Each structure stands twice: as C-alpha cells, then as structure tokens.
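Colleague: below is the sequence, then the predicted model.
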Amino acid sequence: MYDNTNLVVGAGISGAVIARKIAEKLNEKVLVIDKKNHIAGNCYDYRDKNGITIHKFGSHIFHTNNDRVWKFLNRFADFNTYMHRVYAIIDGIETAIPFNFNTLYDVFPKLLAEKLETKLLEKFDYNSRIPILEFKKFNNEKLDFLADFIYKKVFLNYTIKQWGLRPDDIDSSVTARVPCLISRDSRYFQDKYQGIPLCGYSHMITNMLKHPNIEIKTNSDFSKYKNKKFKRIFYTGSIDEFFEYKFGSLSYRSVSFKFEEHKCAYYQKNSVVNYPDNYDFTRIHEYKYYLNENSKNTVIAKEYSTDFKLGINERYYPIVNEQNTELYNRYKKLARTYDNVYFLGRLGDYKYYDIDKAVLRALERFDEVFENKVILNFNKDLQVNIKEI
Ligand code: UDP
C-alpha cells in the first residue's frame, strides 16, 4: 500500500526539506513520521501565554553564507534582521564573546588592553579568526598570557560542563566554532544572512510540509513502519538505532532546560548570557529578544548538559572523536549496501550541523539521489577559516 510512497523519518528541518523537494520536484507521495507529538524537531517553537515565542529545545538562530539555503527557506518564512550576540560573565564582568577587541577592553585595564591589542595586531591579520586551541599552541611569549586567560575563563569550564570533557579532549572543530576574533566585531556569527523566522520555526516548517503530496503523522515511531514496503526511506533518526545498535551505540550529549517565568519585562541584557565559570548551567536564554516581543513578564531557560541516555533524554550533540567516527563509518558502510534507504540530518549523518548545514545537506542529498550529482566536499563550509598565523 506504500509501494509508491517515500517515507521520511523525522519531521525536523532535514526531513521537512527532503520531503518538500520530493513532493514538489518529483510529484511523488511522501509520508513524514515523527515520534514526537509535534513537527519541527529540535527547531520546535511555540507562542506562550505571554505572547513570547519559546524555542523549546534551546535558542535557534539562523545564519548562513549560502545563497541557495537562504533562498529556499525564504519561500516558507520571512526573517527579521536579528544579528546574534552572546554575552559571557568573565570575572563578574558581562562582556561579548567570541573574544574580540571589545572583550579585551572590557576585561583588562586600558593600558594592558592596549598592549595586548598591539601584540595581537603584530601577530595576526586584522579580521582573522583564531581558534583557541591554535592560539594556545602558538607559544608566543608575549601572547601566552592572553591565550591562557581566554582558555581558562571562556573555554575550560564551559566545555567541561557542556561535554563532560576538557577542550583538548574533544574534536578541535567544536571550540573552533567560537574563534577569537582579531577585530571589533562582537557578533556571534559573521554570516551574510542572519535572522529569526518572523512567525517562528514551527510555522516555517509547517509551510514547508504543506503540500498535497505530503502526509504527516506525529506520535508515530519508525518501528511501526519498519516492515512495510516503501519506495524509498529517508531516515533522519540516529543511524545506530536504525541498525538496532548492531555494532554498538554512538554517543551523544543531551541538554535540558529549566524554564522560569519572571514578573519583569527583562531578566538579562541579552538573548543569551553564558556562564563559563559559574553555576552548573552553561547559559541562560531569554526568548523575547529574538522577535522583539513586548510583554509584562519574561521567560528564561537555564541550560544544563548531560550524557544522552536512551529512553531518558534526547540526542542533541554527536560526540565527535576517533572512536565514534570509526563506529559511525561502519554504520555508513553498511548503509551503502541498503537500496533506497538514505540517511541525513544531525543524527543520520552523526554530524554537528547548524540549521543551514542541515538544510544544505538535505538539498544536496536530493541532488545526489535524484539528479545523480556528486557532492564533493560537503563539509567544506564547516571548516573554520584559519588565516596564516
Ligand atoms: N564554548 C565555550 N565557552 C563559551 C562558548 C562556547 O567553551 O562561552 C565552546 C564549548 O565547547 C561549546 C563550543 O564552544 O560546546 C561551541 O559553542 P556553540 O555556541 O557553537 O555551541 P552551540 O550553540 O551549538 O551549543
């Protein structure tokens, strides 16, 4: 009965993009299932009684340099021109991260900041981006103090809280997401396009899935459909789960959010404030900033990180290391022997995708499968631009 239908497992951003492409471009039927009671996966948001749009699974800020992704998403949502900033409490001082020249002047006395700025400019190109682990390796007598300071005050304890590991014990690409900026740019992202969908992510994904060829079933586990015959399966769940953990489990970090409503217009000065060195939570999100929503009260969420445990919490972040990559590669190899089953998304690819990379991956997956395009260097964009140092 499903012989002519494509099954998409997972109604998050990756599943929604591939479903839309198949429905629209191929004019084929698509059944999208999700075990959760809602669509939009971890991008899920909703308006609460205060009229504040809450990102249930943590702040999601869209940013991309990719025109194709931007154009595609703009078919389904209008975005505001929000440019994300993150503040961190360093030695009790609220200052911008990524660490940049503004941070330097916030945390150090002026004379010291000036000296350090001069030394940085002697060493690095203006506007370059230096991952902290590269900066530390650099062994420059004059700048070692600063590298150590940033490592200890911004990265060390935050990373231990977030990953249960020290920065040196996780893949270097993780901390490289927040490089030190040799400039006065204190935005969290430098991408050409940034913004929040004006009617929310859930609305954007609802629009994407709104197509006569698409049927959606929430509260529907893949196990119910496993033995049915579909034309093709696009699986955005965890690849080890699909193969019933036959080679072992891939590890993930999970996060949880403690929501609080406060009887004041604003709780903090910014949408996200990080606490690298204090408390057990990593950061506090205050949601009304994203869409500039007016309300008497405000809602915040304190974010805690923990290991993923099957049946207890949700998978959020793949823990990329040699052992997990090897395990994932075994699953990937096995996946290639399956006809008409395709994996994608953060969990299907076991990759730390941002929203734009998940969208691009889904668009390119479609090109690969249906237009026989070979996608080389998909992860090219993920690499951090380390200028000559
Ligand atoms: N990080 C940190 N201190 C900070 C911000 C980030 O140590 O104040 C490190 C930490 O290891 C984190 C990684 O940089 O997991 C990537 O941060 P990002 O904000 O990109 O994480 P996401 O928003 O995806 O959770």
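Modeller: Structure received. Treat the numbers as computed from the prediction; the structure is a model and nothing was measured.
Colleague: please count neighbours and contacts with C-alpha atoms only from this point.
Modeller: Fine.
Colleague: could you pull out the strands in the stretch 251-389 of the chain for me?
Modeller: For the stretch 251-389 of the chain, applying DSSP state E, counting those that start in this stretch gives strands covering 252-262, 272-274, 283-286, 298-307, 317-318, 341-343.
Colleague: quick one, helices of the stretch 201-350 of the chain?
Modeller: Using DSSP state H, counting those that start in this stretch, the helices assigned to the stretch 201-350 of the chain run over residues 201-209, 239-242, 322-336, 345-348.
Colleague: now, of those helices, which is deepest in the fold?
Modeller: helix 345-348 (a mean of 24; mean count of other C-alpha atoms under 10 Å).
Colleague: in the strand or helix carrying residue 114, which residues are buried?
Modeller: Using DSSP states H and E, residue 114 maps to helix 110-123. Under the neighbour-count criterion of 16 or more other C-alpha atoms under 10 Å, helix 110-123 has 113, 116, 117, 120 buried.
Colleague: tell me the residues of this protein that contact the ligand?
Modeller: Residues of the chain lying close to the ligand by C-alpha under 6 Å from any ligand atom are 154, 155, 156, 158, 159, 162, 174, 175, 177, 178, 274, 276.
Colleague: residue contacts, the second one?
Modeller: Applying C-alpha atoms under 8 Å, 6 or more residues apart in numbering to residue 155 gives the contacts 167, 175, 276.
Colleague: which residue does the stretch 151-300 of the chain bring closest to the ligand?
Modeller: residue 155 (3.2 Å; C-alpha to the nearest ligand atom).
Colleague: can you map out the strands along the stretch 1-150 of the chain?
Modeller: Going by DSSP E, counting those that start in this stretch, the stretch 1-150 of the chain shows strands at 5-9, 29-33, 45-47, 53-55, 62-64, 86-90, 93-97, 129-130.
Colleague: let's have the helices of the stretch 201-350 of the chain in JSON lines, adding mean pLDDT.
Modeller: Formatted as JSON lines, these follow (pLDDT from 0 to 100):
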{"stretch": "helix 201-209", "mean pLDDT": "98"}
{"stretch": "helix 239-242", "mean pLDDT": "98"}
{"stretch": "helix 322-336", "mean pLDDT": "97"}
{"stretch": "helix 345-348", "mean pLDDT": "98"}
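Colleague: burial measure for residue 67, as a count.
Modeller: Residues near residue 67, counting by other C-alpha atoms under 10 Å, number 10.
Colleague: state the distance from it to residue 193.
Modeller: From residue 67 across to residue 193, the span is 9 Å (C-alpha to C-alpha, to the nearest Å).
Colleague: and what of residue 111?
Modeller: From residue 111 to residue 193 the distance is 36 Å (C-alpha to C-alpha).
Colleague: most tightly packed of the strands of the stretch 251-389 of the chain?
Modeller: Using mean count of other C-alpha under 10 Å, strand 283-286 ranks as the most buried of these, with a mean of 25.
Colleague: list the strands paired with it, with their directions.
Modeller: Using DSSP bridges, the strands paired with strand 283-286 are strand 272-274 (antiparallel), strand 298-307 (antiparallel).
Colleague: let me have those strands in TSV, extended by mean pLDDT.
Modeller: What follows is the strands paired with strand 283-286, written out as TSV (pLDDT from 0 to 100):
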stretch	mean pLDDT
strand 272-274	98
strand 298-307	98
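Colleague: burial of the residue lying closest to residue 89 once chain neighbours are set aside, as a residue count?
Modeller: Nearest non-adjacent residue to residue 89, counting by C-alpha to C-alpha, 6 or more residues apart in numbering: residue 275, 5.5 Å away. As a burial measure, residue 275 scores 22 neighbours (other C-alpha under 10 Å).
Colleague: got it, and residue 63?
Modeller: Neighbours around residue 63, by other C-alpha under 10 Å: 23.
Colleague: give me the outermost residue of this protein relative to its centroid.
Modeller: residue 111 (37.9 Å; C-alpha atoms, centre = their mean).
Colleague: measure that residue to residue 117 for me?
Modeller: Distance of residue 111 to residue 117, given as C-alpha to C-alpha: 10 Å.
Colleague: and residue 157, that's in a strand?
Modeller: No - counting by DSSP: H, G, I helix; E, B strand; the rest coil, residue 157 is not part of a strand but helix.
Colleague: where in the stretch 251-389 of the chain is pLDDT low?
Modeller: Low-confidence segments of the stretch 251-389 of the chain (pLDDT under 70): 374-389.
Colleague: what pLDDT does the model give the residue of the stretch 151-300 of the chain closest to the ligand?
Modeller: Note on residue 155: pLDDT of 98.
Colleague: for the protein, longest helix please?
Modeller: Longest helix in the chain, counting residues (DSSP state H): helix 355-371.
Colleague: buried ones in that helix?
Modeller: Neighbour-count burial for helix 355-371 flags 355, 356, 357, 358, 359, 360, 361, 362, 363, 364, 365, 366 (criterion: 16+ other C-alpha under 10 Å).
Colleague: and stretch 149-169, by the same measure?
Modeller: With the criterion 16+ other C-alpha under 10 Å, stretch 149-169 contains buried residues 150-151, 153-164, 167.
Colleague: no further queries at this time; thank you.
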